[in-house]
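K.L.:
task: produce atomic coordinates for the following.
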Amino acid sequence: MTEEDPDIAGAGSDGGAADGRDPEAVHRFIERFAGMLIETGWPRMGARVFITLLATDGGRASSAELAESLQVSPAAISGAVRFLTQLGLAGREREPGSRRDYYRVQDDVWYEAIGRRDQILQRWRSSLQTGVEALGPDTPAGQRLEETLSFFEFIDAEMSDMVLRWRAKRAELRAGTRTG
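P.N.:
Residues are numbered from 1 along each chain as shown. From the prediction side, this is the model:
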């Protein structure tokens, strides 16, 4: 474990954890979950750094802590953090009087990621509409694009309702009144 942020599981070489966690089990979790993200197109280091940040109690770590925990170079961490900050999945912060940067996973990271997907879907819908007009709505290609456009419109409507339900569920979770 590191001195600055002892909650980065798997960091250091003491073979155990003061908090009772099995560092090997945490490491396996990080690698397994990162592997799932990699399978969906994430860059390998971006996925590993993201899951490592998620798996810290404080949700933050320095570049040196991440490099030690993942046994990689600081340059690899730098590229991964750049990827995560560009997507808005992690942010950079600095403590007053310190020259060390810390990277923090956003508290509502999945909510924010879905919110950005909505922006992407809006751009896709606009482009698809242009395609339908260019190909003609009565052509097989135009009809295929029209169905794709309808699917994205359906997803958008469902996503709005889901976000409202999530906000209510999150309020329950934070109030300690989880209802299942």
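K.L.:
in this structure, which segments are predicted with low confidence?
P.N.:
1-18, 115, 178-180 (pLDDT under 70).
K.L.:
change it to 80
P.N.:
1-19, 106-119, 177-180 (pLDDT under 80).
K.L.:
so what's residue 54 up against?
P.N.:
Residue 54 is in contact with 105, 109, counting by Cβ atoms under 8 Å, 6 or more residues apart in numbering. C-beta: built from backbone N, CA, C; applies to glycine.
K.L.:
hang on, residue 93 in a helix?
P.N.:
No. Assigned with DSSP: H, G, I helix; E, B strand; the rest coil, residue 93 falls outside any helix and is strand.
K.L.:
skipping its backbone neighbours, what lies nearest it in space?
P.N.:
With sequence-adjacent residues excluded and distances taken as Cβ to Cβ, 6 or more residues apart in numbering, residue 93 is closest to residue 102, at 5.3 Å.
K.L.:
now the host helix or strand of the one you found: buried residues?
P.N.:
Per DSSP states H and E: residue 102 is located in strand 101-105. Residues of strand 101-105 classed as buried by neighbour count (16 or more other Cβ atoms under 10 Å): 102, 103, 104, 105.
K.L.:
would you confirm that the residue nearest to residue 93 contacts residue 66?
P.N.:
No. At 9.8 Å, residue 102 and residue 66 do not qualify as touching, with contact defined as Cβ atoms under 8 Å.
K.L.:
need phi/psi at the one residue sitting closest to the centre of the chain.
P.N.:
Nearest residue to the geometric centre of the chain (Cα atoms, centre = their mean): residue 89, 5.0 Å. Phi and psi for residue 89, reported as degrees, to the nearest 10, are phi -90, psi -20.
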